[in-house]
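K.L.:
3D, please:
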Amino acid sequence: MVATGDDRSTSLADDAYLALRELIVTCRLAPGERITEKQLASDLGFGLTPIRRALLRLNQEGLIRTLPRRGYQVTPLSIASVNELFQVWRILGPAIGELAVNNMTEQERAAFKAEEQARVQAEVVAGGDMALIERASETWMTLAEKTGNGRLLDMYVRLLGDLRRVFRLVVQDPAALKASKFASSESWAFMDDPGKARKSIEEFIDRAHRLVLEILLSWPSVAQAEVVLPGGGRAQ
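P.N.:
Model (predicted):
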């Protein structure tokens, strides 16, 4: 079967979307940064049409916003938006965890917990904070898939982009806490007792929320209403 021009255009748009989304959620395109179609096409090696389609999708997801006659801006983060993010995660996270663990047998839960703890510990020993954040993202994505609920998975995928942005920002502050503080053994308590899964995950998310705010509130940019990495730089 021969690919049509439309098929190739769609494929390029998908590739451009994935490339741009990764730059945004890893903060290599920083919150609040101004971007243009021509700049992105040049930097990423795509044509204007795939870039334009990718930006439309990212705008619909809330990761960028359109600036009339001025291009686009990576959606800024503020204390208010971070609070909203955690409020949504506190609704979705417990639902995902509760449904996922109840869909697993006791043996499956034990194996999953042991495997994930081993991977996390390896990252802690290696001192890989960024890798630890990505590991946690993958773990929660696996749990979302184990719910067997497509709508819940779709909602979490959308939420995940901003969660990654926030956590990757805070672990870059040299004066801030290490990502390993988000990966204590208490984080996995919900795997041991499905009946307490919801409460355990709520407590984990509340603890993470407090730790993130503790860091963000120490940054001078908070007084300006938008969260900016100290020094104004991009993520590494």
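
K.L.:
is residue 72 in a helix, a strand, or coil?
P.N.:
strand (DSSP: H, G, I helix; E, B strand; the rest coil).

K.L.:
which residues are in contact with it?
P.N.:
34, 35, 36, 37, 55, 59, 64, 65, 66 (C-beta atoms under 8 Å, 6 or more residues apart in numbering). C-beta: built from backbone N, CA, C; applies to glycine.

K.L.:
quick check on those residues: which are buried?
P.N.:
35, 37, 55, 64 (16 or more other C-beta atoms under 10 Å).

K.L.:
what's the separation between residue 212 and residue 77?
P.N.:
Per C-beta to C-beta, to the nearest Å, residue 212 is found 11 Å from residue 77.

K.L.:
overlap in contacts, these two.
P.N.:
Shared contacts of residue 212 and residue 77 (C-beta under 8 Å, 6+ apart): residue 166.

K.L.:
can you report phi and psi for the nearest residue to residue 31 once chain neighbours are set aside?
P.N.:
Sequence neighbours aside, residue 77 is the residue nearest to residue 31 in space, at 4.5 Å (criterion: C-beta to C-beta, 6 or more residues apart in numbering). Backbone geometry at residue 77, expressed as degrees, to the nearest 10, gives phi -110, psi 140.

K.L.:
equivalent analysis for residue 64, please.
P.N.:
Given degrees, to the nearest 10, the pair of backbone angles that residue 64 has is phi -130, psi 170.

K.L.:
before we move on, what about residue 81?
P.N.:
According to degrees, to the nearest 10, residue 81 has phi -70, psi -30.

K.L.:
and it, how many residues sit next to it?
P.N.:
Using other C-beta atoms under 10 Å, residue 81 has 17 other residues around it.

K.L.:
closest to residue 161 out of the buried ones among the contacts of residue 72?
P.N.:
Nearest to residue 161 among these, counting by C-beta to C-beta, is residue 64 at 10.7 Å.

K.L.:
got a list of what that closest one touches?
P.N.:
Residue 64 makes contact with 24, 35, 55, 58, 72, 73, 74, 75, according to C-beta under 8 Å, 6+ apart.

K.L.:
quick test: name the residue nearest the centre of the protein.
P.N.:
In the chain, the residue lying closest to the centroid (C-alpha atoms, centre = their mean) is residue 164, at 2.6 Å.

K.L.:
list of residues touching stretch 32-49?
P.N.:
So stretch 32-49 is contacted by 9, 12-13, 15-16, 19-20, 29, 51-52, 54-55, 64, 67, 70-74, 76-77, 226, 228, 234 (C-beta under 8 Å, 6+ apart).
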